[in-house]
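**Q** Sharing a model that was predicted from the sequence below.
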Amino acid sequence: MTETRRWYVVDRIEGDRAVLVADDGGEPVDLPVASLPFQAREAMVLAVPLDGNGRPQWARAERDEGEERRRLNEGKARLERLKRRDPGGDVSL
């Protein structure tokens, strides 16, 4: 049986709190950094197992570096496409 997971991105760290955003676009989650099994950093992608009731199991979260790279590459490609379509050459992020 495969375990159900949800992906979150660490949006920001505010002191001892981490603010995470789920891929499904739900409300941001604010939780203690200490509730994660590793030192979280902004822009990390986390694969978080869900319990039988669909609640995230933060202590079992895993960093998904492959997904981080995929998303970064996708963002870079999107930016390059925008730059090619920008007649004034002033698109920058």
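**A** Arrived safely.

**Q** CA atoms for contacts and neighbours, from now on please.
**A** Will do.

**Q** in this protein, which spans are helices?
**A** Here the chain has its helices, by DSSP state H, at 65-85.

**Q** any low-confidence regions in it?
**A** 1-2, 89-93 (pLDDT under 70).

**Q** Identify the bridge partners of the nearest residue to Val29 once chain neighbours are set aside.
**A** Nearest non-adjacent residue to Val29, counting by CA to CA, 6 or more residues apart in numbering: Leu20, 5.0 Å away. Counting by DSSP bridges, Leu20 forms beta bridges with Val10, Val29.

**Q** so how far is Glu80 from Leu20?
**A** Noted for Leu20: a distance of 27 Å to Glu80, by CA to CA, to the nearest Å.

**Q** Among those two, which residue is more densely surrounded?
**A** Between Leu20 and Glu80, Leu20 has the larger neighbour count (other CA atoms under 10 Å), namely 23 against 14.

**Q** from memory the more buried one sits against Trp7, does it?
**A** No. If you go by CA atoms under 8 Å, Leu20 and Trp7 don't touch, sitting 9.7 Å apart.

**Q** which residues touch Pro56?
**A** Neighbouring residues of Pro56 by CA atoms under 8 Å, 6 or more residues apart in numbering: Arg6, Val48, Pro49, Leu50.
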